[in-house]
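In: no sequence on this one, just coordinates:
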Ligand SMILES: Nc1ncnc2c1ncn2[C@@H]1O[C@H](COP(=O)(O)OP(=O)(O)OP(=O)(O)O)[C@@H](O)[C@H]1O
């Protein structure tokens, strides 16, 4: 025998949960769940790296690529649109200093020839006559690309079209208008018209082409206000310019009396852009805001998957069954998500700086960091709310990705129009009678933002973009230089429109709204997780939070915790009359058990009273859950409960401390359902059960803290080792940490190991008891079925619970290991009550102090094994093997003339002899030289005569071997099941 099997018989060292306060216990649970999450994150390190490093890198990389690609200018040739143009001024005014950030050039032209200079002279003269402003024509050609004008200039010659374009690209807010002349002479003979073309460059970057024009009003206080919807967005400047150029050309051509064709085209200067190439708030937001949301969205989906997988595999419920509180569970999830959010945001900001992205380096790093952390965290918590509706990881994945697509589509729209969330801009273009623009603030839209964190990200990103990259006023085209987004800009942000100052909240409100998002999502998750019905756990009433008030009243009424405990004890011992009419032909022991359960006079371990479970057609599912939750809100449990199965019907029984109670029954008899009601996975349809005076209907939290459960199907984390499982559950049960550490060192450190061998700790002892010590570092996913079962069994014993519930613990185990488990359980049951279901009659016989047999949800028989065998068994079995009949001349009469008796004659002989002694005996089996007789209990006094006859027959050689055995439990079970089937 191996060393492990030797140690199986060693003493089980008990390690009970320490008597710590509820807060200390809660804190311990929080720590172990955080630790569990960290271990799982490390085991799934690829997913962790993907969300914290690869995704930020991808997004920042794309951002970098986009800005590199868009640095070049993007001027386009426009067809002239002269449709809706109204103007009052008829000339080109000197560019205004206040509208430009640099000193400006009003008009540049190219090439500088005698003809073009003359044309520009005509232009200058006529323009002065109209506007009373003299635009001075510079003599010297401006050919220095790097130079900027010191003062405002009038008309400046430049070397070429390309130079004008490049200069405008280098100094986007310096030139107001440009003219490029091309002249095409007629082919010889010069009889045709001369073609004079001119191209006008206009400047979309700044407002000088509009600011002083009708249709717009500029004041320092209010900025630019558009006065009419019908104005051309370029004002009257372009038509004025075209008309003036035509006039000048005609004036120039007139003395020559030569036919000429005039033509013009329009082209915008390269648009003003920051060095990054983002020319406006809108463009930047449209391009990037959704991209930077992507890592947060993916993190949300992965967190949803993690939580739903724990729900689907029932691991979460398994931890709850062992006493884990929902608060500790969820707070651990939130803390883990916070760590992931911090890592992701830090990587994001660091990469932004590493790539020298303008928006990052022009913004306070802490603002960026907070913005990204809160976005990821807010999105993850929003995902947790969604998981409360999902039963399967597949549905969580589907919902998660639907949410991601929604966010990616919504983000650019939101970043462009975030002001709509705060104010109604639909009326801002309609001034009232006094010319004032009314912008009423609205609350209805931004309330939506309290639930969706990405809305605040869009808004904050938009503000940061304006400050860090500069912006172009989309009403005036006025370009504002970037100032950078500093920490104090959170509360002192300068909006691009002065009228926004009074109505729009400062950016800091977006950060605080994130926090509100997070708080709302956390509360919703906690609440919905408790009340939404799901297939793996029992849901609570929608008004469960009032339970706390009820408990407070009870405390006051009973004068403290001791008084409440006394009241509970009295409740648990109250007479609970049997509900309804008892089934016919009920066994007297079952009736007696019911009477005990009804009139329970003392504290027992488990008292089950009228416990009933009826399954209805309502199953789980997202929409069904949603519907059921809404039903719960609307009317108290008005559901279409179509009964499909009565799994347990008014069950009554009692178990005592120090007792192992074995519950037997066919498949579907209702054993597991009974267990599930006791450990709180299924709610009873009616009836109650008390575990050490605590009701399963009201005190499940307390019950679970002092209960161990081995469910029918193994619920293990595939990616945790046996050791880690024990550590996890020891933490949930709040075991002293020292006991754990001693065992841990024992497994790793040789010196410690020697010490520990002399004084094995409880944890090692239990692993050894079920032969798992050698496999302590193996992942549960790699254990065989029997090994998993053994691990589940010892997990249920962690914390030495007062009540241990084992649902078929030895299923799938080989006979050797099963016996190890039996030995362990028979030692462990001292001082506690164990309720066990099994299909192994041998197990029930070996372990059960009391055995009950269930048939179709009812109790059919109850008692210790001897009583059951005596009561329901057929008495005794006599088995004999017929001999080969070797004649003995002294003892045996001579054979008849046919020779030795045949086997048939011998069988008949033995049957007659047995019946002669015990007429009530029954021949149960006769085959292959074997005969089995059933002897009823009442014939016990004639057994001596029968054994004497069998001994004689053996001496004669007629019987080779014989034996007498009591009826087995299996026969009792079979006969009870058969009798109930016959009754039906
Ligand atoms: N979630 C459920 N919904 C509907 N019916 C159920 C559900 N769970 C169990 N039942 C039904 O309740 C009855 C009792 O089932 P239960 O699992 O308690 O039987 P059991 O005695 O534990 O059987 P086994 O020995 O096979 O585990 C069965 O008829 C089963 O079909």
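Out: Perfect, I can see it now. Please read all numbers here as calculations on a predicted model, not as lab measurements.
In: after the strand or helix carrying residue 244, which helix or strand is next?
Out: Assessed by DSSP states H and E, residue 244 sits inside helix 237-253. Counting by DSSP H and E, the next helix or strand C-terminal to helix 237-253 is strand 260-268.
In: returning to that earlier point: and the helix holding residue 244 with strand 260-268, angle?
Out: Put simply, helix 237-253 runs at 150 degrees to strand 260-268, going by axes from the mean of the first three to the mean of the last three C-alpha atoms, to 10 degrees.
In: now helix 237-253: buried residues?
Out: By 16 or more other C-beta atoms under 10 Å, the buried positions in helix 237-253 come out as 237-242, 244-245, 248-249, 251-253. Heads up, the C-betas are built off the backbone N, CA and C, glycines and all.
In: how far is it from where the chain is centred?
Out: Centroid separation between helix 237-253 and its chain, computed with C-alpha atoms, centre = their mean, to the nearest Å, is 69 Å.
In: which residues of this protein lie near the ligand?
Out: 615, 645, 647, 665, 667-673, 712 (C-beta under 6 Å from any ligand atom).
In: rewinding a little: now the buried residues of helix 237-253 as TSV including pLDDT?
Out: Formatted as TSV, these follow (pLDDT from 0 to 100):
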residue	pLDDT
237	72
238	77
239	79
240	79
241	84
242	85
244	86
245	89
248	89
249	87
251	87
252	86
253	82
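In: just the buried ones from the residues of the chain next to the ligand?
Out: 615, 647, 665, 669-673, 712.
In: can you mark which positions in stretch 137-151 are buried?
Out: Buried, per 16+ other C-beta under 10 Å, within stretch 137-151: 137-138, 142, 149.
In: check the separation of the first and last residues in it.
Out: Stretch 137-151 has an end-to-end distance of 14 Å (C-alpha to C-alpha, to the nearest Å).
In: can you check stretch 569-579 too?
Out: 22 Å.
In: this protein - how does it break down into domains?
Out: 3-24+706-864, 44-65+279-528, 77-268, 874-966 (automatic domain parsing).
In: let me know the average pLDDT across the last one.
Out: Averaged across domain 874-966, pLDDT comes to 79.
In: next one: stretch 137-153
Out: Stretch 137-153 comes out at a mean pLDDT of 87.
In: got phi/psi on residue 364?
Out: phi -60, psi 130 (degrees, to the nearest 10).
In: chain neighbours aside, what residue packs nearest to it?
Out: What sits nearest to residue 364 in space, not counting adjacent residues and going by C-beta to C-beta, 6 or more residues apart in numbering, is residue 487, at 4.7 Å.
In: thought the one you found was touching residue 366?
Out: Yes - between residue 487 and residue 366 there is a contact under C-beta atoms under 8 Å: 6.5 Å.
In: so residue 779 touches residue 716, yeah?
Out: No - applying C-beta under 8 Å as the test, residue 779 and residue 716 come out as separate, 9.4 Å apart.
In: comparing those two, which shows the higher neighbour count?
Out: Set residue 779 next to residue 716 and count neighbours by other C-beta atoms under 10 Å: residue 716 wins out with 21 against 16.
In: ok so the more buried one is a helix residue?
Out: No - counting by DSSP: H, G, I helix; E, B strand; the rest coil, residue 716 is not part of a helix but coil.
In: what's the spacing between it and the ligand?
Out: For residue 716, the distance to the ligand equals 19 Å [C-beta to the nearest ligand atom, to the nearest Å].
In: rewinding a little: so of the buried residues of stretch 137-151, which ones are in helices?
Out: Residues of the buried residues of stretch 137-151 located in helices (DSSP state H): none.
In: redo those residues as TSV? Include distance to residue 453.
Out: Supplementary listing: these in TSV, determined by distance: C-beta to C-beta, whole Å:
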residue	distance to residue 453
137	59
138	56
142	52
149	48
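In: the strands in the stretch 1-150 of the chain, which residues?
Out: Counting by DSSP state E, counting those that start in this stretch, one finds strands in the stretch 1-150 of the chain at the ranges 77-78, 105-110.
In: over to the stretch 351-500 of the chain?
Out: Under DSSP E, counting those that start in this stretch, the stretch 351-500 of the chain gives strands at 471-472, 479-480.
In: nearest residue to the closest residue to the ligand within the stretch 201-350 of the chain other than its sequence neighbours?
Out: For the stretch 201-350 of the chain, the residue closest to the ligand is residue 314, as judged by C-beta to the nearest ligand atom, at 12.9 Å. Ranked by C-beta to C-beta, 6+ apart and with sequence neighbours excluded, the top spatial neighbour of residue 314 is residue 715, at 4.6 Å.
In: so residue 967 sits against residue 875, correct?
Out: Yes - counting by C-beta under 8 Å, residue 967 touches residue 875, with 6.4 Å between them.
In: ok so, going back, wait, doesn't the residue nearest to residue 314 sit right on residue 313?
Out: Yes - proximity of residue 715 to residue 313 meets the contact threshold set by C-beta under 8 Å, at 6.7 Å.
In: pLDDT weak spots in the stretch 751-900 of the chain?
Out: Applying pLDDT under 70 to the stretch 751-900 of the chain flags the ranges 751-760, 884-900.
In: go again with 50.
Out: Counting by pLDDT under 50, the ranges of the stretch 751-900 of the chain that qualify are 751-760, 886, 888-897.
In: what about the helices in the stretch 651-800 of the chain?
Out: 671-678, 700-705, 722-732, 737-748, 750-758, 762-769, 785-796 (DSSP state H, counting those that start in this stretch).
In: need the contact partners of the last one.
Out: Spelled out, it's helix 785-796. Outside helix 785-796, the residues within contact range by C-beta atoms under 8 Å, 6 or more residues apart in numbering are 322, 708-711, 714-716, 722, 725-726, 729, 766-767, 769-772, 775, 780, 783, 804-806, 809-814, 817, 821, 824-825.
In: buried subset of these?
Out: 322, 708-711, 714-716, 722, 725-726, 729, 766-767, 769-772, 775, 780, 783, 804-806, 809-811, 813, 817, 821, 824-825.
In: need the contact list for residue 134.
Out: 124, 128, 154.
In: give me the most central residue, this structure.
Out: Nearest to the geometric centre of the chain sits residue 304, at 2.3 Å (C-alpha atoms, centre = their mean).
In: give me the three-state assignment for residue 525.
Out: Strictly by three-state DSSP, residue 525 counts as helix.
In: same deal with the one 3 residues further on?
Out: Secondary structure state of residue 528, per three-state DSSP, is helix.
In: now the helices for the stretch 251-400 of the chain?
Out: So, for the stretch 251-400 of the chain - with DSSP H, counting those that start in this stretch - the helices run 281-312, 315-321, 326-354, 358-361, 365-387, 393-416.
In: sorry, wrong one. I was asking about the stretch 401-550 of the chain.
Out: Going by DSSP H, counting those that start in this stretch, the stretch 401-550 of the chain shows helices at 444-448, 453-469, 500-503, 508-531, 546-558.
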